[in-house]
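J.: coordinates only, sequence not included:
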């Protein structure tokens, strides 16, 4: 099974940008669809974006469409989330996850998770 470690979170002002990274260990990274989820205090974990194994397909939550971009580098075993035009409501712990299909948007469909990285957007 793949192990995942997120990085790149932090504190940013509204309108700013951050890039999250998720490094995977294990030789099977390139066989997994990858996704980002987020969870704010007292709320359910919610889908943010996903990307297919080949990078040809991606999906985004409506709340982040046109602001966030998911990408992956299979040679580096890493998936990224570029976040632009950040809003206070984007404040959450962000998690990367590995699963079987980029079309899956439910957390239960994903097999492996990182520990999360905090993103805080100040107004």
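T.: Looks like it arrived, so ask away. Bear in mind that the values here come from a model prediction, so they are computed numbers and not experimental data.

J.: contacting residues around residue 86?
T.: Shown in contact with residue 86 (Cβ atoms under 8 Å, 6 or more residues apart in numbering): 12, 14, 15, 16, 17, 18, 67, 119, 121. To be clear about C-beta, it is placed using only N, CA and C from the backbone, and glycine gets the same treatment.

J.: A helix includes the last one, no?
T.: No: Residue 121 sits outside any helix when classified using DSSP: H, G, I helix; E, B strand; the rest coil, being strand.

J.: which residue packs closest to the residue sitting nearest the centre point of the chain, ignoring adjacent ones?
T.: In the chain, the centroid-proximal residue (Cα atoms, centre = their mean) is residue 36; its distance is 2.3 Å. Closest residue in space to residue 36, ignoring its immediate chain neighbours: residue 48 at 4.3 Å, by Cβ to Cβ, 6 or more residues apart in numbering.

J.: is it true that the residue nearest to the centre of the chain touches residue 80?
T.: No: contact criterion Cβ atoms under 8 Å: residue 36 and residue 80 do not qualify, at 9.2 Å.
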